[in-house]
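*Asks:* no sequence for this one, just the structure:
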């Protein structure tokens, strides 16, 4: 069996930054990441000018999807959100001085992470099926047997059920 010869590979390895900067590659993601880093630096500087630089690590900033002129700030607590709401006009002015053009700022609370965890059952307990009836169920089935007529098919089926299930 003859196989067709493989074509010669003349392609050379490209620099990874070329792929990042390429319009069809990851260039858009890289540009957005750089823009968000610049925005975070400008926000930190604006908060420093307003004597609120202690809030900078507690704020996540980003542009609202669909609108490049509306800034979106996510914060952990309501007190931080309220403080930011109070200084929004001054914050917009400071950001414009730093070169960030925004017409509005939305401040929202981050959803709180759950304080509880769901844990699976441990060991054989999860796969073990209960054996037999508990006392209440057995008493209920036995009272049903007493009420049925001796030649009833249902009585025979319930008796077989009670015999197959140990206490």
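*Replies:* In hand now; what should we look at? These figures come from a predicted structure and were not determined experimentally.
*Asks:* center of the protein - which residue?
*Replies:* In the chain, the centroid-proximal residue (CA atoms, centre = their mean) is residue 113; its distance is 9.3 Å.
*Asks:* Check which element follows the worst-scoring helix or strand of the chain on mean pLDDT along the chain.
*Replies:* One helix or strand of the chain scores below all others by mean pLDDT, DSSP states H and E: helix 16-21, with a mean of 64. Moving toward the C-terminus from helix 16-21, the next helix or strand (DSSP states H and E) is helix 27-49.
*Asks:* for whichever helix or strand comes after that following helix, packing partners?
*Replies:* On the C-terminal side of helix 27-49, the nearest following helix or strand under DSSP H and E is strand 59-63. Strand 59-63 sits against helix 27-49, strand 70-75, with contacts defined as 3 or more CB pairs under 8 Å, 6 or more residues apart in numbering; DSSP states H and E. In this view, the C-beta of every residue, glycine as well, is placed from N, C-alpha and C.
*Asks:* Could you look over the ones you listed and pick the most buried one?
*Replies:* Mean neighbour count (mean count of other CB atoms under 10 Å) peaks for strand 70-75 among the helices and strands packed on strand 59-63, with a mean of 18.
*Asks:* quick one: contacts of that one?
*Replies:* Strand 70-75 has contacts (CB atoms under 8 Å, 6 or more residues apart in numbering) with 39, 58-64, 81, 84, 95, 100, 102-110.
*Asks:* Which among the residues you listed count as buried?
*Replies:* Those of the contacts of strand 70-75 that meet the buried threshold are 39, 59, 61, 63, 81, 84, 95, 100, 102, 105, 107, by 16 or more other CB atoms under 10 Å.
*Asks:* low pLDDT regions in the protein?
*Replies:* Within the chain, the ranges that satisfy pLDDT under 70 run 1, 8-27, 66-68, 121, 123-130, 166-167.
*Asks:* Hmm, residue 83 is touching residue 58, no?
*Replies:* No - at 10.4 Å, residue 83 does not count as touching residue 58 under the criterion of CB atoms under 8 Å.
*Asks:* related to what we said a few turns ago, kindly list the main-chain dihedrals of the residue nearest to the centre of the chain?
*Replies:* As for residue 113, its main-chain torsions (degrees, to the nearest 10) stand at phi -70, psi 150.
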